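# dropping a prediction and its sequence here:
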Amino acid sequence: MGINLELEGLSFNGIKFDRPLIISGPCSAESEEQVIETARQLHKNGIKIFRAGIWKPRTRPNSFEGVGSRGLLWLKRVKEEFGMFTSIEVANVKHVYEALKAGIDILWIGARTSVNPFSVQELADSLKGVDIPVMVKNPVNPDAELWIGALERINNAGIKRIAAIHRGFSTYNKSQYRNNPHWEIPIELKRRIPELPIITDPSHICGSKKLLFEVSQRSMDLNFDGLMIETHINPEKALSDAAQQITPEELKNLLAKLVLRKSNIDDDLLLITLEELRQEIDEYDEKLLNILDGRMAVSRKIGEYKKKNNITILQASRWDEILKNMIKLAHKKGLSEEFIMQIFRAIHQESINHQTRVMNK
Ligand code: PEP
Ligand code: MN
């Protein structure tokens, strides 16, 4: 299904931001002092968009669930005293109503809400006729279509200033990340909707301070548009997401270290070299396709043979042998095991599909 979003660039009060757009502030607004002091320090370092959770979606009940509406008054102060734009998460119609009443500048839809089309539609309906930027976090599960669907619902309500926030995806497997980045998903989003700004949220991807810089740099190298990073004046004491928050000072250092590479190539010589290399890649890709085509033709012959002799398609030991051989070879060539497993699983599955068709003809 085609996507037809009607978008305007991200601007706030007519101000267009340079890449990267930086959004920062605490995971949660906890007290007036914490909000104002965090904002003061961020403002001093040139940050223009402030974030804070007022209503917090928590995994288990009886943990800190946010300060609620009274926090909106603190954000009003942030706006008035520092001239920053303020942004909060909204998860239901009441949140939208209160945020708009309090003059919040930007809304975002959290990962636990964007999974649910009913909730997103209710939010979209409540935003009809309102001109406010809305950022849509990826759903917790790695599903690009669901993310696109949420963006479409908001856009269909007439909201044109929309950004996607990439915050990673839940996994049961423990890894170095709290939420697996699955970079291929925001890359796919960019391919399908090139004019949609993508903001990376390294804080929720990492879950700790450790990889924040690497993830931020990766986002910039992928030519994404901005970063949302959680900051707290005293991260260890934070009431939510303590492990991943950094101080405004640490944020300043992180941003100073970021290397921002050119997003388009203006130099002819660079372009020519790159074009030559790209042509080489295209040739390899065509070869790959021809090889796969040839491999599938052999698979179909095997299918015919198995059919004639009444042998099952899957021969687990043979498949195990192929995989082990390829992994051994991959190691020699410096290709990662994960990559080779993914490729060969896909090839094997396609072979099975071809053989199944032959068998059941
Ligand atoms: C947050 O931004 O603090 C938050 C709750 O994020 P997410 O919806 O990505 O989990
Ligand atoms: Mn958080």
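All right, it came through fine. Ligands and ions are numbered 1, 2, ... in the order given.
# what about the residue in the stretch 151-300 of the chain positioned nearest to ligand 1, how many neighbours?
Proximity of the stretch 151-300 of the chain to ligand 1 (CB to the nearest ligand atom) peaks at residue 167, 3.8 Å away. In this view, the C-beta of every residue, glycine as well, is placed from N, C-alpha and C. When counting by other CB atoms under 10 Å, one arrives at 24 neighbours for residue 167.
# just give the nearest non-adjacent residue to the spatially most central residue of the chain, would you?
Nearest to the geometric centre of the chain sits residue 166, at 2.0 Å (CA atoms, centre = their mean). The shortest distance from residue 166 to any non-neighbouring residue, by CB to CB, 6 or more residues apart in numbering, is to residue 186 (4.3 Å).
# check contacts around the one you found.
Counting by CB atoms under 8 Å, 6 or more residues apart in numbering, residue 186 touches 138, 164, 166, 198, 200, 222, 224.
# the first one: neighbour count?
By the criterion of other CB under 10 Å, residue 138 has 28 neighbours.
# what's the answer for the second one, then?
Counted with other CB under 10 Å, the burial measure for residue 164 works out to 25 neighbours.
# which ones are touching it?
Residue 164 sits next to 135, 136, 137, 138, 147, 151, 186, 189, 196, 197, 198, 199 when contact means CB under 8 Å, 6+ apart.
# again, only this time at 7 Å
Residues in contact with residue 164 (CB atoms under 7 Å, 6 or more residues apart in numbering) are 136, 147, 151, 189, 196, 198.
# again with the last one
For residue 224, the set of contacting residues under the criterion of CB under 7 Å, 6+ apart consists of 186, 198, 199, 200.
# could you look up the SS state of it?
The assignment at residue 224 comes out as coil when based on DSSP: H, G, I helix; E, B strand; the rest coil.
# mind checking pLDDT for it?
Note for residue 224: predicted pLDDT of 96.
# can you list the contacts of residue 164 in TSV and add distance to residue 256?
TSV is the format used below for the contacts of residue 164 (distance: CB to CB, whole Å):
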residue	distance to residue 256
136	29
147	31
151	32
189	29
196	28
198	22
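# ok, and the most crowded of those?
Within the contacts of residue 164, most neighbours by other CB under 10 Å means residue 136, with 29 neighbours.
# am I right that that one sits in a strand?
Yes - looking at residue 136 with three-state DSSP, it is inside a strand.
# filter the contacts of residue 164 down to the ones in strands?
Members of the contacts of residue 164 lying in strands (criterion: DSSP state E): 136, 198.
# reformat the contacts of residue 164 as a markdown table; add pLDDT.
Shown next, in a markdown table, are these (pLDDT from 0 to 100):
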| residue | pLDDT |
| --- | --- |
| 136 | 98 |
| 147 | 98 |
| 151 | 97 |
| 189 | 95 |
| 196 | 94 |
| 198 | 96 |
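# so what's the closest residue to ligand 1 within the chain up against?
Relative to ligand 1, the nearest point of the chain is residue 110 (3.1 Å; CB to the nearest ligand atom). The contact partners of residue 110, taken as CB under 7 Å, 6+ apart, are 57, 89, 91, 137.
# now do residue 274
By CB under 7 Å, 6+ apart, the residues touching residue 274 are residue 265.
# where's it, which helix or strand?
Using DSSP states H and E, residue 274 sits within helix 268-308.
# again with residue 165
For residue 165, the element it lies in under DSSP H and E is strand 162-166.
# circling back: from residue 221, how far off is the residue of the stretch 151-300 of the chain closest to ligand 1?
From residue 167 over to residue 221 the distance is 18 Å, taken as CB to CB, to the nearest Å.
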